[in-house]
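> Mind folding the following:
(2 chains)
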Amino acid sequence: MTSAVSFQKVSRHFGSVRAVDAVDLDIVPGEFFAMLGPSGSGKTTCLRLIAGFEQPTAGSISIFGERAEGVPPYRRNVNTVFQDYALFPHLNVLDNVAYGLMVKGVGKPKRQKAAEEALSLVRLPGYGARRPGQLSGGQRQRVALARALVNQPKVLLLDEPLGALDLKLRENMQEELKSLQKALGITFVFVTHDQGEALSMADRVAVFNDGKIMQIGTPEDIYQRPRTRFVADFVGSSNVLPPDFVQRYSGQHRWGSLRPESIRVGRAAKGDGVAARLVSTNYLGATTRLALDADGLRLHAIVPAGAKLPREGEAVVLTFNREHLHLMDEPA
Amino acid sequence: MTLTATQAKVAPAVLPRSGGLRGALSDLFWRRPQLLLLLMLLPPVLWLGIVYIGSLFALLLQSFFSIDEFSGLINREFTLKTYGDLLQAANLDIILRTVTMAALVTLASAIIAFPIAYYAARYARGRWKALFYLGVMLPLWSSYLVKIYAWKLILAKEGILTWLLAKLHILWLLDGWLSLPIVGGNSLSVSATGTFIVFVYVWLPFMILPVQAALERVPGNLVEASSDLGASPGQTFRNVLFPLALPGIVAGSIFTFSLTLGDYIIPQIIGTSRLFIGQAVYSQQGTAGNIPLAAAFTVVPIVIMGFYLWGAKRMGAFDAL
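Just a heads-up that it's a prediction; the model follows:
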């Protein structure tokens, strides 16, 4: 099967900066693919390479089997939802949504009908006459989505589209985007720096760092079985354990990771475990996050709210199930 | 920690007013900001209201007087006779010529300014941006008269332009153009084309800067979004860039249009002997001593600009100023 998007050894260098460095990537048609990474990790540049705003310095890109190097954005059947939406301020909502059809020469009645339908799809029917300036952030986001979807793209690119929304709205939009993608069957490529967002929405996640892909896999893979220290730390702030520590519990001299929720915190001198001291507690609502010091090793544990907690500075004993200790591929 | 804690205990919650009139005034202005505003606005409002608008009003009044043709004295009785004189063929010709020139100069300035402004707004950064501002503003720092006389030499029959065209073996092109009626003449420096070239040169910065300001406010991702949605560069220009730059173009054209309407020095030095409005005003109030007709001529650009601004306002041109 041809990939929706395929990168072969793609690099994009800006002077001496290797924004994207020899990336191989295959996105399956119809999947919801997330590119996750900190800012400057190259994920947005990858998106722009697919859209055609950037050209690769080396390597080749194909979209549904067709070579895309040197093809300008306006000849790619790929549409983008921009981070700050990039709605045309001088056009009303309907004309914004119909823009893609207008430049393709679709007649006015036909394109306006299609634009109305796209607006209904994103639950904004009847908003056509308004100006983008009169809409809220969430509404603008939907208009940007409708404007891209009305062109029936082969791939929809989303550049941190939920970044500017408040928490409640963001959660709603996450669900909506996911069900929209399921309903339409279009390949979605989603860029985000929010690991929660990537894990909850995507079928597969690529974790970026320093212009390279650290790991590609299902959200569960990425979360439960990080391959490198970076992935373990970036996705869900796992505890990264040094080889000497890991050797004591698994017998292998390798880097390991342990999820904060896998650590149990008990009173001192009860059973065997890791002796530690409670440094601080952070109340997070449903859970409480504890910062612990185990003989110089800084660890974090997450316990359910309402659990009886030791006082800050008190000595505690940490226990965990050994099968929760994950050994990473990264050499020691 | 302990140091700041003791300080906090000693420090008063409300600081004493600084002494004398200054302290009292500061507090008064803070409590009544409108008073400060009034004080700041009073001098410029008086200047604008009495000296500026007042004298303009006096001028307007003059245009409703008439001149006694025999004695040359001004008859201070309300009449529309002077405006009737304005509609004589010779005077109408002057008005038409000036307005046509102003419109052409504005159009040419907009066409030349756009790419320059686009480059400055989109691509120029740091040192190149500074160089752009310097390049645009530098001509404004030197004397207007010096520049015009320089152009007279450039455009003269013995000037560098004729020489260059002769070297390139395309002098026949210039000769052909100069043999045309209306735009032609003995040389560029005594033709309407020459007047046009110098007008465009002198007013171009006033077009470039507002267009650049307007383009500067167009986010770069709108151009990307347009391209992403399938628009070719030409379509992006027509549907996104041009409409968004239009307020800047209109703002710039207000300058180029009104400055050309009122100028009397450029057509005096470069061009034909046919008059422009500015020259007509100059000669009517000077040698001819016909102040009412000069005043009536002055009203023409005011009325034209009034209509122009009204139209421009409806297009939202003043957001870019």
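
> Phi, psi for A:G126 please.
Main-chain torsions, A:G126, degrees, to the nearest 10: phi 80, psi 10.

> what comes up buried for the strand or helix carrying B:K313?
Assessed by DSSP states H and E, B:K313 sits inside helix B:291-314. For helix B:291-314, the neighbour count (16 or more other CB atoms under 10 Å in any protein chain shown) marks B:291-301, B:304-305, B:308-309, B:312 as buried. Glycine gets a C-beta too; all of them are placed from N, C-alpha and C.

> neighbouring contacts of stretch A:117-136?
Applying CB atoms under 8 Å, 6 or more residues apart in numbering or on different chains, the contact partners of stretch A:117-136 are A:85, A:87-89, A:91-94, A:96-97, A:112, A:115-116, A:139-140, A:142-143, A:145-147, A:149-150, A:176, A:180.

> change it to 6 Å
A:L87, A:P89, A:N92, A:V93, A:L94, A:V97, A:R140, A:R142, A:L145, A:A146, A:L149, A:V150 (CB atoms under 6 Å, 6 or more residues apart in numbering or on different chains).

> mean confidence score for it?
For stretch A:117-136, mean pLDDT rounds to 91.

> what helix or strand is A:G59 on?
Using DSSP H and E, A:G59 falls in strand A:58-63.

> Can you mark which positions in that strand are buried?
Neighbour counts over strand A:58-63 (16+ other CB under 10 Å) mark A:G59, A:I61, A:S62, A:I63 as buried.

> do the same with stretch B:236-255
Using 16+ other CB under 10 Å as the test for burial, stretch B:236-255 gives B:236-237, B:239-241, B:244-255.

> List the residues that contact A:L149.
A:L149 makes contact with A:A118 under the criterion CB under 6 Å, 6+ apart.

> Chain B contacts on the stretch 101-250 of chain A?
Within the stretch 101-250 of chain A, the positions adjacent to chain B are A:V103, A:K104 by CB under 6 Å from any CB of the partner chain.

> mind listing the strands for the stretch 101-250 of chain A?
Under the criterion DSSP state E, counting those that start in this stretch, strands of the stretch 101-250 of chain A are mapped to A:155-159, A:187-192, A:204-209, A:212-217, A:239-241.

> now the ones you listed in CSV, with mean neighbour count, distance to A:S262 and mean pLDDT?
Shown next, in CSV, are the strands of the stretch 101-250 of chain A (neighbours: other CB atoms under 10 Å in any protein chain shown; distance: least, CB to CB, whole Å; pLDDT from 0 to 100):
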stretch, mean neighbour count, distance to A:S262, mean pLDDT
strand A:155-159, 24, 32, 95
strand A:187-192, 25, 25, 94
strand A:204-209, 24, 20, 95
strand A:212-217, 19, 20, 94
strand A:239-241, 24, 9, 89
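
> Tabulate those strands in JSON lines, adding columns for distance to B:K9.
Shown next, in JSON lines, are the strands of the stretch 101-250 of chain A (distance: least, CB to CB, whole Å):
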{"stretch": "strand A:155-159", "distance to B:K9": "53"}
{"stretch": "strand A:187-192", "distance to B:K9": "49"}
{"stretch": "strand A:204-209", "distance to B:K9": "51"}
{"stretch": "strand A:212-217", "distance to B:K9": "54"}
{"stretch": "strand A:239-241", "distance to B:K9": "44"}
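
> for chain A, which spans come out with low pLDDT?
A:268-272, A:332 (pLDDT under 70).

> what's the domain layout of it?
The record's domain parsing of chain A by automatic domain parsing lists A:5-233, A:237-327.

> Pick the most deeply packed of the ones you listed.
domain A:5-233 (a mean of 19; mean count of other CB atoms under 10 Å in any protein chain shown).

> No further questions, thank you.
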